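# the following block contains a protein sequence and its predicted model.
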Amino acid sequence: MVNPVHPAPVHRCGVHGVPEIIINKVVMKELDIWYGKIHALKSLNMNIFKNEILGIIGPANSGKTSFLRQLNRLNDLELNYKAIGEVLLDDKDIQSINPEVLRRRVGMIFALPQVLPISIYDNIAYGPRMHGTKDRKRLDAIVEETLNASFLWDEVKDRLLESATKLSGGQQQRLCISRTLALDPEIILFDEPCSGLDPISTAKVEESMLKLKEKCTIVLVTNNTKQAARVSDRTAFFLMGELIEIDTTEKIFTAPSDKRTEGYILGKFG
């Protein structure tokens, strides 16, 4: 099993052969997760690099969602949840971080868009207002900046006072991205964000991800292996609660180290 955890920083070859400094944003050490008697995640040692898109693939019940929800402590809300091990965010154990503060730093986009039944503008301004931003010019700037980041501004700039529920599914999902960005997160977790979207909407969400990694770290859980291949810098394959291997996306999809990874990618199971 290939399961490396690197000390930060490390180096790899960047553009034109120039060394690129790679810094760990998150490190997981010997992480185990249970829900009652169900051992959902087993002895996970893994790192997430700053400003990368990390794709997470694997069949159902492989531990992908448990892994994702551990990063912002949403697992804490589950009945009979128990965990041992460490999850470090910028070298600080997330258990020592207030959950509300952590979830502002680590935002999440769910499979189904969850817009508020208020205007497009207020969907985005809601979070900043709750955290003390009252200046209208600043709120206007946040709305425009975040809608541009999700490639939605041109489609809704003349409709900002309309209800967000009138948007298409793809537009609603991109609005959720904008709403998350309004709180200036360091990490964005995507949990099957395109599972209910058409190909055009999916392409726009993926375009948003590629743009967002300039300022955020992104973790993408997806059952669509082609999507992971398109957007991820590295890809991790999970199976039955274990990390089977993690490597550059190119290597995972062309020359995986484990036959189980190859079998999943080729559609032999899952």
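Right, received. Where do you want to start? Residues are numbered from 1 along each chain as shown.
# every contact and neighbour count from this point should use C-alpha atoms.
Noted.
# so which bits of stretch 142-155 are buried?
142-153 (16 or more other CA atoms under 10 Å).
# ok, so of those, who is nearest residue 212?
Checking the buried residues of stretch 142-155 against residue 212 by CA to CA gives residue 149 as the nearest, at 7.1 Å.
# so what's that closest one scoring on pLDDT?
Per-residue confidence (pLDDT) for residue 149: 94.
# next, the contact list for it, please.
Neighbour list for residue 149: 178, 208, 211-212 [criterion: CA atoms under 8 Å, 6 or more residues apart in numbering].
# and the furthest pair within those?
Longest span within these, CA to CA: 178 and 211, 12.6 Å.
# separation between residue 91 and residue 80?
28 Å (CA to CA, to the nearest Å).
# before we move on, what about residue 27?
Taken as CA to CA, the span from residue 27 to residue 80 is 24 Å.
# pLDDT at residue 22, what is it?
Residue 22 is given a pLDDT of 85.
# swap in residue 268?
88.
# how about the strands in the chain?
10-13, 19-22, 24-35, 38-49, 53-57, 81-89, 92-93, 106-109, 187-191, 217-221, 234-239, 242-248 (DSSP state E).
# now do the fifth one against strand 234-239, angle only.
Going back to what we said before, that points to strand 53-57. 20 degrees (axes from the mean of the first three to the mean of the last three CA atoms, to 10 degrees).
# would you mind pulling the contact partners of strand 53-57?
With CA under 8 Å, 6+ apart as the criterion, strand 53-57 contacts 48, 64, 209-210, 213, 217-225, 228, 231-238.
# emit the PyMOL select command for whichever of those residues are buried.
Only the buried members of the contacts of strand 53-57 enter the following PyMOL selection, criterion being 16+ other CA under 10 Å:
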select buried, resi 48+64+209+210+213+217+218+219+220+221+222+223+225+228+231+232+233+234+235+236+237+238
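# picking that back up, now, of the contacts of residue 149, which are buried?
Buried among the contacts of residue 149 (16+ other CA under 10 Å): 178, 208, 212.
# and the pLDDT at the last one?
Residue 212 is assigned a predicted lDDT (pLDDT) of 93.
# coming back round to it: more neighbours, residue 27 and residue 80?
When residue 27 and residue 80 are compared for neighbours, residue 27 comes out ahead with 23 against 12, by other CA atoms under 10 Å.
# ok, and the closest non-adjacent residue to the more buried one?
residue 47 (4.4 Å; CA to CA, 6 or more residues apart in numbering).
# was I right to think that neighbour contacts residue 26?
Yes: at 5.5 Å, residue 47 counts as touching residue 26 under the criterion of CA atoms under 8 Å.
# hmm, back to that, helices - which of the buried residues of stretch 142-155 land there?
142-149, 153 (DSSP state H).
# now, which of those sits nearest residue 135?
Nearest to residue 135 among those, with distances taken as CA to CA, is residue 142, at 10.7 Å.
# and the closest residue to the closest one other than its chain neighbours, what pLDDT?
Among residues not flanking residue 142 along the chain, residue 182 sits closest, at 6.2 Å (CA to CA, 6+ apart). Predicted confidence (pLDDT) at residue 182: the value is 96.
# isn't residue 182 right next to residue 122, touching?
No: shown here, residue 182 and residue 122 do not form a contact pair, counting by CA under 8 Å, at 11.2 Å.
# any idea how far apart the tips of stretch 75-93 sit?
15 Å.
# what is the neighbour count of residue 229?
Neighbours of residue 229 (other CA under 10 Å): 17.
# residues touching it, list them.
For residue 229, the contact set (CA under 8 Å, 6+ apart) comprises 249-250, 253.
# and the residues you listed, which are buried?
249, 253.
# specify which member of the contacts of residue 229 is nearest to residue 204.
residue 249 (20.7 Å).
# what's near enough to touch that closest one?
Applying CA under 8 Å, 6+ apart, the residues near residue 249 are 228-229, 232-235.
# just put those in a markdown table and tack on pLDDT.
Converted to a markdown table, the contacts of residue 249 look like this (pLDDT from 0 to 100):
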| residue | pLDDT |
| --- | --- |
| 228 | 97 |
| 229 | 97 |
| 232 | 97 |
| 233 | 97 |
| 234 | 97 |
| 235 | 98 |
